[in-house]
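Participant: Everything below, folded, please.
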Amino acid sequence: MWPFYGFVMAHIATGAVGLLAFWVPVLSQKGGINHRKWGRVFNCMMLATGSIAIAIATCTLLDPIATHQHITDPQLMKNPELVRGIFGWMMLYLAILTINLAWYGWLAVVNKRDHSLNLEWRNLFLQFAVIAAALNCAWQGWVIGQPLMMGISIIGLATGGTNLFFLYKPQRGANDWLNEHIKALVGAGISVYTAFFAFGAVRLMPELALNPLMWSVPLATGLGLILYHQRDVARQHKARTTGVETAS
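Facilitator: Now for the predicted structure:
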């Protein structure tokens with residue numbers, strides 16, 4: 001299936017740029033030129049990578065064996081439903097999750113002064129889409145006996161649920177938009193690094209593809225970054241508030 005391999009090459013190209021661009025906004029001065037510039041690059045690459053991943057997953061769902069002839073693991077090659085589940089349904093779910101986080105995180109900062117603009121149809125659709133994809137991933141994992149698929153679906157359910165909570169939250173704090181921005185775009189980084197370590201390992205080290213460690217390292221690193229930056233936001237807000245109160 002030549003279109004499949006074309007999608008894979010495009011996926012690798014956009015994903016590689018995203019992998020590198022991710023660290024500039026994470027490590028640079030927040031709100032600075034490099035933060036904004038490379039943040040836009042990262043965001044565009046995540047949207048592109050996620051969209052291409054949907055095409056890859058669709059090809060896999062249609063013909064799991066023909067699209068994954070490079071897999072040498074006999075257990076996988078003898079079980080097309082296992083290939084369809086892991087590289088089809090789970091990749092589809094992760095692709096939707098990546099697009100969801102990139103789009104939601106971008107709107108959070110763009111619409112920081114007018115929250116009502118976040119309630120546009122694409123943003124809302126993506127929340128329900130990721131919840132549906134997560135539920136399907138969990139179900140497909142149950143059917144083929146893959147706990148990894150069931151476990152990772154929790155992230156999508158939590159993402160869609162917490163995003164909807166923020167979108168319809170009656171009252172929001174001054175820094176809520178910034179915390180959502182951090183959560184979403186670092187989350188998109190977690191998603192692409194997870195795919196890189198897990199799915200990429202199939203070609204180099206097939207026996208590690210389903211190893212929980214390959215999935216847990218990006219997740220733990222990303223959660224650490226989210227907590228660190230959100231704590232820093234709270235610290236800076238407290239410092240500004242204390243300064244204002246002292247001056248008055």
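Participant: What lies in contact with stretch 141-154?
Facilitator: The contact list for stretch 141-154, computed with CB atoms under 8 Å, 6 or more residues apart in numbering, reads 79, 81-82, 85-86, 89-90, 93-94, 134-135, 137-138, 140, 210, 212, 215. Placement of C-beta: from N, CA and C, glycine included.
Participant: those helices in the chain, which residues are they?
Facilitator: 2-21, 23-27, 33-62, 74-77, 80-84, 90-110, 121-144, 147-167, 176-198, 201-204, 212-247 (DSSP state H).
Participant: Rebuild those as CSV, extending it with mean pLDDT.
Facilitator: Below are the helices of the chain laid out as CSV (pLDDT from 0 to 100):
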stretch, mean pLDDT
helix 2-21, 90
helix 23-27, 89
helix 33-62, 94
helix 74-77, 59
helix 80-84, 87
helix 90-110, 95
helix 121-144, 97
helix 147-167, 93
helix 176-198, 86
helix 201-204, 58
helix 212-247, 69
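Participant: Would you reformat those helices as a markdown table and include distance to His68 and mean neighbour count?
Facilitator: As requested, those are exported to a markdown table (distance: least, CB to CB, whole Å; neighbours: other CB atoms under 10 Å):
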| stretch | distance to His68 | mean neighbour count |
| --- | --- | --- |
| helix 2-21 | 9 | 16 |
| helix 23-27 | 31 | 17 |
| helix 33-62 | 7 | 19 |
| helix 74-77 | 8 | 13 |
| helix 80-84 | 5 | 18 |
| helix 90-110 | 11 | 24 |
| helix 121-144 | 15 | 18 |
| helix 147-167 | 17 | 18 |
| helix 176-198 | 14 | 23 |
| helix 201-204 | 8 | 14 |
| helix 212-247 | 18 | 13 |
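Participant: Right, I'll call it a day here.
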